[in-house]
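Peer 1: starting from these lines, generate the structure:
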Amino acid sequence: MVAKHVAAASASIFMLIGFTAIAATQTASTGDDSRAGVQDRFTDDLHTAGRIVHIQQEVTGDVAAAGAEVTIDAPVDGYVMSAGRAVTIAGRVGNDVWAAGETVNVDNTVGNNAMLAGRDVSLGRNAVVGHDARLAGNTVTAEGRVERNLKIGAETARIGGNIGGTVSARAERVSVLPGAVIRGDLFVRANQPPDISPQAQVLGQVHYEDLTASQWASWPAKWLFSFLALLGLGLAALIFAPAWPARVAVTMRTRTWASILSGIFVLVVIPIAALALAVTIVGIPLAIVLFAFYISTLLLAGVFVSYRMGDWLMQRFHRLQSIWVRMIIGVLIVSIGISLPAIGLIVTGIVVILGAGALTLERRSQRVHAHSIA
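Peer 2: Next comes the predicted model:
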């Protein structure tokens with residue numbers, strides 16, 4: 001579960017940074033530290049940010065909006081790109097909708113595609129998506145009409161609308177609600193067969209794949225990919241900075257609890273800081289740098305935990321092997337752990353937190369040492 005939340009947060013931040021940078025080049029913008037509102041008809045593209053954003057009058061161009069609470073009640077002729085804790089789109093949108101947040105609700109016409117991601121995602125009863133809809137979250141409810149295809153990735157997926165094409169759902173639980181109409185095929189990858197109400201209609205065929213069985217069947221390929229990717233990063237680290245993995249491993253061994261706390265701090269604070277910077281025009285370059293550092297730290301976390309694991313095993317068996325052997329053995333063990341279907345997410349979370357925390361502490365110690373020498 002930790003890895004899911006890390007990935008979701010990273011994706012939301014990346015989306016926000018990207019569309020804020022694009023919107024910054026448009027001809028109009030509004031915003032303050034607490035509230036941003038649009039009450040008069042807007043005849044151009046609109047870029048707005050604030051703690052509370054409320055758009056109440058028609059916008060003839062595109063909209064990029066970010067805030068803790070974003071509400072769009074008025075029609076938007078172009079596309080809408082929005083991110084926030086709570087995003088509600090109740091007005092008609094002429095083009096695409098891209099939205100990410102803790103809760104995301106769309107309940108009106110979307111002229112083209114809808115791409116929504118969050119903890120709770122809802123496509124309301126009044127929603128009509130002109131082309132395809134892609135929904136991702138912990139709980140996803142699709143009760144509106146989708147003219148073409150619907151794709152869902154969730155823990156719990158609830159389908160209650162009128163779908164003109166195929167439905168592809170990957171979730172732990174999939175329910176097709178009373179009154180739902182699916183005119184194409186229904187593809188379900190889940191831990192249990194879909195719960196299809198007798199009052200629902202699936203006009204195509206129902207295809208079910210047991211997610212637990214398929215995960216074990218595909219495990220060798222996932223492990224091989226994880227092993228090769230992690231090994232490549234590990235060998236590169238040893239080539240360009242041979243002593244670096246060892247220093248981080250020492251930090252991990254001597255300051256374990258501090259590494260864990262530091263890792264949790266990094267995973268939580270950096271995304272928030274990048275998000276805060278991204279909603280200000282002058283902060284966008286720094287937000288991009290901070291996000292790049294965040295992703296690099298997550299990638300390198302597995303390398304340093306792998307080296308520490310290999311080092312621990314060599315000491316345990318009283319063998320003094322080269323740094324290359326330690327890295328390879330550690331990568332082998334860690335890659336198996338993070339790719340296991342049953343506990344892979346938990347192992348990945350531990351690896352990311354411990355590795356990122358130790359790396360942060362090691363970098364801080366090196367800076368302090370360098371300043372003391374100077």
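Peer 1: what ranges do the helices span in the stretch 151-300 of the chain?
Peer 2: For the stretch 151-300 of the chain, the helices defined by DSSP state H, counting those that start in this stretch cover 211-217, 219-240, 244-254, 256-278, 284-316.
Peer 1: so which of those is nearest R183?
Peer 2: helix 211-217 (24.9 Å; Cβ to Cβ). To be clear about C-beta, it is placed using only N, CA and C from the backbone, and glycine gets the same treatment.
Peer 1: model confidence over the closest one, on average?
Peer 2: Averaged across helix 211-217, pLDDT comes to 66.
Peer 1: one step back: I'd like the helices of the stretch 151-300 of the chain as a markdown table, with distance to D73 appended.
Peer 2: Formatted as a markdown table, the helices of the stretch 151-300 of the chain follow (distance: least, Cβ to Cβ, whole Å):
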| stretch | distance to D73 |
| --- | --- |
| helix 211-217 | 39 |
| helix 219-240 | 45 |
| helix 244-254 | 51 |
| helix 256-278 | 24 |
| helix 284-316 | 28 |
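Peer 1: count of neighbours near D120?
Peer 2: Counted with other Cβ atoms under 10 Å, the neighbours of D120 add up to 17.
Peer 1: flag the shaky bits of this structure, pLDDT-wise.
Peer 2: 1-43, 212-217, 278-281, 320, 369, 374 (pLDDT under 70).
Peer 1: care to break it down by domain?
Peer 2: Listed by automatic domain parsing, the domain ranges of the chain are 2-148, 218-373.
Peer 1: deepest in the core, which of those is it.
Peer 2: Greatest average neighbour count among the domains of the chain goes to domain 2-148 (a mean of 20), per mean count of other Cβ atoms under 10 Å.
Peer 1: could you check how far that domain is from the centre of its chain?
Peer 2: Here domain 2-148 is found 16 Å from its chain centre; the criterion is Cα atoms, centre = their mean, to the nearest Å.
Peer 1: show me where the stretch 1-150 of the chain has helices.
Peer 2: 2-23.
Peer 1: rewinding a little: can you list the domains of the chain in TSV and add distance to Q192?
Peer 2: Below are the domains of the chain laid out as TSV (distance: least, Cβ to Cβ, whole Å):
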stretch	distance to Q192
domain 2-148	16
domain 218-373	15
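Peer 1: which of these sits closest to A190?
Peer 2: Judging the domains of the chain by Cβ to Cβ, what sits closest to A190 is domain 2-148, at 12.7 Å.
Peer 1: I'd say A66 and H47 touch.
Peer 2: No - A66 lies out of contact with H47 (Cβ atoms under 8 Å); the separation is 9.0 Å.
Peer 1: nearest to E155 among the helices of the stretch 151-300 of the chain would be which one?
Peer 2: Of those, nearest to E155 by Cβ to Cβ is helix 211-217, at 11.5 Å.
Peer 1: pretty sure A273 contacts F293?
Peer 2: No - assessed by Cβ under 8 Å, A273 is found out of contact with F293, at 10.5 Å.
Peer 1: tell me which of the domains of the chain sits nearest to L203.
Peer 2: Among the domains of the chain, the nearest to L203 by Cβ to Cβ is domain 2-148 (14.3 Å).
Peer 1: quick check, L299 in contact with G232.
Peer 2: No - look at L299 against G232 with Cβ under 8 Å: they stay out of range, at 10.7 Å.
Peer 1: what angle do the helix or strand T360 falls within and helix 284-316 make?
Peer 2: Element membership for T360 (DSSP states H and E) is helix 344-373. On the basis of axes from the mean of the first three to the mean of the last three Cα atoms, to 10 degrees, helix 344-373 is oriented at 100 degrees to helix 284-316.
Peer 1: just how off-centre is helix 344-373 within its chain?
Peer 2: That offset, for helix 344-373, works out to 22 Å (Cα atoms, centre = their mean).
Peer 1: mind giving me the packing neighbours of it?
Peer 2: Under the contact criterion of 3 or more Cβ pairs under 8 Å, 6 or more residues apart in numbering; DSSP states H and E, helix 344-373 touches helix 2-23, helix 244-254, helix 256-278, helix 284-316, helix 323-339.
Peer 1: try it again with 10 Å
Peer 2: Under the contact criterion of 3 or more Cβ pairs under 10 Å, 6 or more residues apart in numbering; DSSP states H and E, helix 344-373 touches helix 2-23, helix 219-240, helix 244-254, helix 256-278, helix 284-316, helix 323-339.
Peer 1: show me what contacts the closest residue to V248 other than its chain neighbours?
Peer 2: Among residues not flanking V248 along the chain, F304 sits closest, at 4.2 Å (Cβ to Cβ, 6 or more residues apart in numbering). If a contact means Cβ atoms under 10 Å, 6 or more residues apart in numbering, then F304 has 234, 237, 244-249, 251-252, 259, 330, 351, 354-356, 358-359, 362 as its contacts.
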